[in-house]
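K.L.:
Let's see this in three dimensions:
(one chain, ligands or ions: 1)
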Amino acid sequence: MKITDIIEKKRDGKKLATEEINFFIEGLCNGSVYEYQASALLMAIYIRGLNSRETADLTAAMARSGEMMNLSEIPGIKVDKHSTGGVGDKTTLVVGPIVAACGVPVAKMSGRGLGHTGGTIDKLESIRGFRTSLSREEFIGNAKQIGIAISGQTGNLAPADKILYALRDVTATISSIPLIASSVMSKKLASGADRIVLDVKTGSGAFMKTLEDSIKLAEEMVSIGELTGRKTVAVVTDMDTPLGNSIGNALEVKEALEVLRGDGPEDLKSVCFELAARMLELGGKGDVTSCRELVENSIREGSALKKFGELAERQGAVHAPWDKDAMREAAVRYNVTAPFEGYISSMKSELIGKASMLLGAGRKTKDGPLDHSAGIILNKKTGEYVRKGEKIAELHTSSHQLLPEAEAMLLQAYGFSAEVPVKRPLILAYVDSRGVTRYWPEHRL
Ligand code: URA
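P.N.:
Residues are numbered from 1 along each chain as shown. Purely as a prediction, here's the structure:
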């Protein structure tokens, strides 16, 4: 078998056999397939697609490419959660501690930023001393003792995804249903959770821009989960507008802490609380209505916030995460003001994510550095009325030189209108093995 024949086949729109997919993934991991060949195949897949069988084969091959974690030592039903990525998406930082505080163990492997979206591991690393590289023993031990452990994807867990993820990030091959589905589900299968809640983002800041594509992605992943014996449900949530008001690693940790304290932006709270309730439901804590109450209690009583503190301490944080010295603050802050008067009618979230990357919050190359203190605070979002010259955002960075380009990009992201814009709900659909429940457009305001 030759990798060039496989690339050619997919380039010409033909279906790949299971053995060919296995050959590609094995070669990628043992070095006989080069990164430039993998990149070419990724682009062919991006353009030509994969059918459900090919996607399932790719997922299984990627999951098998490394260690298959066994979480059976941790008592209870282990429920994992995964977001397909968005701008300002700090849900894991909120949901993980809530779920753990409610008694369902969280042993979670998370990723770094991808494209214009941030990653949980980069966010946690903005806390001084926080270690995201845990040995297997430490990972399992922490989940057993304090109910929560969050680790970067170890070199051993779905290593094929690790290579492909980094290549996709720099070859414009991210937003493909089969590539996202196989990437997400290979990690979920390898990381050993019994049940899985997926947060499939949709809209201008997501990899899937339309609701229809997002629902298709959700269905594909739910079906892979069910086929492999892991009960999987998906919540399709809005990413037309960034989630919450903060974008950028340390800024997002601060905002997650606000939500755990019972404050914080309403949109972030409602998405996090729904995901946490769905995780608790899969974790056997009752129906979704009573699980929503458990979530509210964990915030009211402070147990979720306390759990975040325990997590940070256990993973090496030098200070409590809410301490003023826990994270570095940006040296440069700059106010962006509204160029027009009117309602903010739209926000191109991807551009906002890119502006935040320009300020230093994301990587330019696959192993490049990032500035944990950089990012954007949005003072006004879609639906709000602004006067010309009013502050709409604050840029945080380490270098004045980065401001002009980032400001121009950010301003391009806003649409203004004289009319109050129609806002769609944050939770747009729910998908499980029984099918799709849509909350939009059926429940149009
Ligand atoms: N999250 C992942 O883990 N993989 C993707 O491809 C996109 C989002």
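K.L.:
Grab the nearest non-local neighbour of the closest residue to the ligand within the stretch 101-250 of the chain.
P.N.:
Here the stretch 101-250 of the chain gets closest to the ligand at one residue, residue 183, 3.4 Å apart by C-beta to the nearest ligand atom. Glycine gets a C-beta too; all of them are placed from N, C-alpha and C. Distances taken as C-beta to C-beta, 6 or more residues apart in numbering put residue 161 closest to residue 183, at 5.2 Å, once the chain neighbours are dropped.
K.L.:
Contacts only, for that neighbour.
P.N.:
Contact analysis of residue 161 by C-beta atoms under 8 Å, 6 or more residues apart in numbering lists 62, 65, 153, 182, 183, 186, 187.
K.L.:
Now do the strands in this protein.
P.N.:
79-83, 106-110, 148-152, 195-202, 231-238, 246-247, 332-337, 342-347, 375-378, 385-386, 391-397, 414-417, 427-432, 435-438 (DSSP state E).
K.L.:
who wins for proximity to residue 141 among those?
P.N.:
Nearest to residue 141 among those is strand 148-152; the distance by C-beta to C-beta comes to 8.0 Å.
K.L.:
Give me the contacts around the closest one.
P.N.:
For strand 148-152, the external contacting residues (C-beta under 8 Å, 6+ apart) are 92, 96-97, 100, 105-112, 120-121, 124, 132-134, 138-143, 307, 310-311, 314-315.
K.L.:
Now restrict these to buried residues only.
P.N.:
In the contacts of strand 148-152, burial by neighbour count holds for 92, 96-97, 100, 105-112, 120-121, 124, 132, 134, 139-143, 307, 310-311, 314-315, counting by 16 or more other C-beta atoms under 10 Å.
K.L.:
How many residues are close by residue 44?
P.N.:
Around residue 44 there are 20 other residues, counting by other C-beta atoms under 10 Å.
K.L.:
roughly how far apart are the nearest residue to it once chain neighbours are set aside and residue 163?
P.N.:
Distance criterion C-beta to C-beta, 6+ apart; nearest residue to residue 44, sequence neighbours excluded, is residue 10 at 3.9 Å. Remark: distance between residue 10 and residue 163 (C-beta to C-beta, to the nearest Å) = 18 Å.
K.L.:
Next one, pLDDT for the residue in the stretch 301-445 of the chain that the ligand sits nearest to please.
P.N.:
Here the stretch 301-445 of the chain gets closest to the ligand at one residue, residue 353, 13.2 Å apart by C-beta to the nearest ligand atom. With respect to pLDDT, residue 353 scores 95.
K.L.:
does it really touch residue 113, like I thought?
P.N.:
No - using C-beta atoms under 8 Å, residue 353 is not in contact with residue 113; the gap is 9.2 Å.
K.L.:
My read is that residue 183 contacts residue 163, right?
P.N.:
No - look at residue 183 against residue 163 with C-beta under 8 Å: they stay out of range, at 11.0 Å.
K.L.:
neighbour count winner among those two?
P.N.:
Using other C-beta under 10 Å as the criterion, residue 183 and residue 163 rank with residue 183 on top: 26 against 19.
K.L.:
Tell me how many other residues crowd the residue nearest to residue 44.
P.N.:
Residue 10, neighbours per other C-beta under 10 Å, totals 24.
K.L.:
do the one 3 residues further on as well
P.N.:
If you count neighbours by other C-beta under 10 Å, residue 13 ends up with 10.
K.L.:
Could you report the distance from it to residue 274?
P.N.:
From residue 13 to residue 274 the distance is 39 Å (C-beta to C-beta).
K.L.:
if we can go back for a sec, just put the strands of the chain in TSV and tack on distance to residue 4 and mean pLDDT.
P.N.:
Formatted as TSV, those follow (distance: least, C-beta to C-beta, whole Å; pLDDT from 0 to 100):
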stretch	distance to residue 4	mean pLDDT
strand 79-83	34	94
strand 106-110	33	92
strand 148-152	33	95
strand 195-202	35	96
strand 231-238	36	97
strand 246-247	41	98
strand 332-337	49	98
strand 342-347	44	96
strand 375-378	43	98
strand 385-386	55	97
strand 391-397	44	98
strand 414-417	46	95
strand 427-432	38	97
strand 435-438	40	96
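K.L.:
tell me the most buried of these?
P.N.:
Ranked by mean neighbour count under mean count of other C-beta atoms under 10 Å, these are led by strand 246-247, which reaches a mean of 30.
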